[in-house]
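> turn this into a model:
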Amino acid sequence: MSAPIPETPVIGAGLDRLRAPIGRAWHAPGYVYSSPEMLAREKENLFMKDWLFVAREEELEKPGDFMTLRILDEPVLLTRAADGTLNAFANVCLHRGVEVASGEGNTKEFMCPYHGWLYGLDGRLVGAPYMKEAEGFDPKSCRLPQLKIDSWAGNVFISFDPNAPPLGQFLETFVADVSFLKPEKCRLANKIALELPCNWKFAVENLMDFYHVGVLHGNSFGAFFSWREENVKLHDKGGVFIKYTSAAPTPEGKTLFRLLPWFEAIGEGHRHGSMAYCAPNLHLFGRPDVVRPIAIWPTGPDSCRMMIYHLFPTEWHTEPYFKEKCKVYRDYQIKVLEEDRSMLVSMQSAMTSRTYRPGPLSHLEAAIHNTVNYLVEKAVGDAAARSGVRAAE
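Numbering: from 1, shown residues only. Below you'll find the model as predicted:
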């Protein structure tokens with residue numbers, strides 16, 4: 001006798017216990033982390049609506065600098081124009097939709113590799129071969145579709161939503177928590193890309209899951225780690241800020257540099273640790289000697305990409321052996337995150353198992369409870385989160 005075919009998940013169903021206060025709450029049902037329909041809703045209601053952290057300004061420092069990326073199958077082109085302006089465009093030719101740029105680098109213009117249409121750094125169409133006979137076509141009025149772009153403290157953000165609020169308004173609570181880290185006084189040293197075979201929300205949760213640190217990371221940074229629940233701040237819209245005790249992110253927990261120059265004046269020392277989350281895709285970590293933005297990008301229902309940026313004070317970048325020291329931080333970062341990988345894989349595999357039942361949340365998981373409730377409610381809609389809507393509808 002064949003096994004029964006699992007029912008189509010009901011988007012919005014089974015969330016009542018997740019929505020309960022932390023003392024009575026349970027984790028989200030499996031479809032929240034495995035359903036293609038859930039990811040489609042997250043794309044439309046989160047990633048296509050909110051401001052998204054995409055780069056550091058020093059990656060687009062000189063006129064002509066550009067970089068490309070894909071956000072849930074949406075091709076994006078970032079440029080620094082000749083006048084110094086930062087631009088963000090949909091990376092789609094106005095002729096047949098081919099991507100006009102790839103990778104990153106420096107250039108004066110972009111040529112579509114299919115039919116040779118030419119675009120300036122400001123996105124304007126400057127050449128369209130063999131199109132003079134096309135009735136009603138005016139190349140002077142053509143420009144790559146623009147996206148909103150702005151920056152804070154050297155961090156570049158874009159939004160697909162033309163009606164998105166100003167970036168300063170969107171980041172107001174987040175900035176109030178983390179401005180003391182002064183990322184604007186730092187420059188990018190390491191940029192690390194990790195592909196993870198798990199739903200993007202598992203990666204988001206893992207970075208604020210202090211419950212697991214002493215168990216999984218007991219032989220790495222967990223040996224220097226401690227925290228108190230009263231130092232956890234939960235904000236609306238899924239925001240979180242946590243201060244804790246830690247150490248420099250090196251194998252022995254000792255800095256290869258020194259304390260961040262601005263820490264001494266505000267009473268922060270060599271055991272500083274902090275983490276802030278701004279939905280949907282940005283974490284910012286502070287340590288005694290480094291500031292670390294981390295961006296998480298969904299690439300499928302069961303896969304994501306994590307981008308880690310190591311920022312050190314600008315003046316340190318010219319010191320002897322700077323690159324060699326940075327490599328130690330890079331290698332240790334990868335080591336710690338690789339400790340998480342097998343757990344993320346194991347959780348993801350459980351999300352489609354017919355035997356999986358969500359378990360109760362610990363009071364130590366209050367940050368996860370706050371964040372996941374916001375992400376789920378924003379994705380499926382408040383009414384759906386309360387009553388359940390079939391994925392096929």
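> would you state the strands of the stretch 251-393 of the chain in chain order?
272-278, 282-286, 291-300, 303-313, 389-390 (DSSP state E, counting those that start in this stretch).
> between these, which one is closest to residue 136.
Evaluated over the strands of the stretch 251-393 of the chain, closeness to residue 136 peaks at strand 291-300, with 38.8 Å, by Cβ to Cβ. All C-beta atoms are positioned from the backbone trio N, CA, C, and that covers glycine.
> in CSV: the strands of the stretch 251-393 of the chain, plus mean neighbour count and distance to residue 83.
Output for these, formatted as CSV (neighbours: other Cβ atoms under 10 Å; distance: least, Cβ to Cβ, whole Å):
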stretch, mean neighbour count, distance to residue 83
strand 272-278, 24, 30
strand 282-286, 22, 28
strand 291-300, 20, 27
strand 303-313, 21, 26
strand 389-390, 15, 48
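> as JSON lines, those strands with mean pLDDT would be great.
JSON lines is the format used below for those (pLDDT from 0 to 100):
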{"stretch": "strand 272-278", "mean pLDDT": "96"}
{"stretch": "strand 282-286", "mean pLDDT": "98"}
{"stretch": "strand 291-300", "mean pLDDT": "98"}
{"stretch": "strand 303-313", "mean pLDDT": "98"}
{"stretch": "strand 389-390", "mean pLDDT": "36"}
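> would JSON lines of these with distance to residue 190 be doable?
Listed next are these as JSON lines, based on distance: least, Cβ to Cβ, whole Å:
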{"stretch": "strand 272-278", "distance to residue 190": "18"}
{"stretch": "strand 282-286", "distance to residue 190": "13"}
{"stretch": "strand 291-300", "distance to residue 190": "9"}
{"stretch": "strand 303-313", "distance to residue 190": "4"}
{"stretch": "strand 389-390", "distance to residue 190": "43"}
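> pretty sure residue 371 sits against residue 240.
Yes: the pair residue 371 / residue 240 is scored as a contact, 6.1 Å apart, by Cβ atoms under 8 Å.
> shared neighbours of these two, anything?
208, 277 (Cβ atoms under 8 Å, 6 or more residues apart in numbering).
> thinking again about what came up before, of all the strands of the stretch 251-393 of the chain, which lies closest to residue 381?
Of the strands of the stretch 251-393 of the chain, nearest to residue 381 by Cβ to Cβ is strand 389-390, at 7.8 Å.
> residue 235: what's it in contact with?
173, 241, 370.
> could you flag which of the residues you listed are buried?
Buried by 16 or more other Cβ atoms under 10 Å: 173, 241, 370, out of the contacts of residue 235.
> show me where the stretch 51-200 of the chain has strands.
Counting by DSSP E, counting those that start in this stretch, the strands of the stretch 51-200 of the chain are 52-56, 65-71, 74-80, 86-90, 104-106, 109-111, 118-120, 125-127, 148-152, 155-159, 186-196.
> among these, which comes closest to residue 22?
Here strand 186-196 is closest among these (Cβ to Cβ), at 26.6 Å.
> tell me the mean pLDDT over the closest one?
Averaged across strand 186-196, the pLDDT comes to 97.
> now that strand: buried residues?
So for strand 186-196, counting by 16+ other Cβ under 10 Å, buried means 186, 187, 188, 189, 190, 192, 194, 196.
> for stretch 58-78, same thing?
For stretch 58-78, by 16+ other Cβ under 10 Å, it's 59-60, 65-69, 71-72, 75-78.
> mind putting those residues into TSV with distance to residue 168 and pLDDT?
Compiled in TSV, the buried residues of stretch 58-78 are given as follows (distance: Cβ to Cβ, whole Å; pLDDT from 0 to 100):
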residue	distance to residue 168	pLDDT
59	22	98
60	20	98
65	24	98
66	26	98
67	24	98
68	27	98
69	23	97
71	22	97
72	25	97
75	27	98
76	22	98
77	24	98
78	20	98
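> from the residues you listed, pick the one nearest residue 299.
Closest to residue 299, out of all of the buried residues of stretch 58-78 and judged by Cβ to Cβ, is residue 72, at 8.0 Å.
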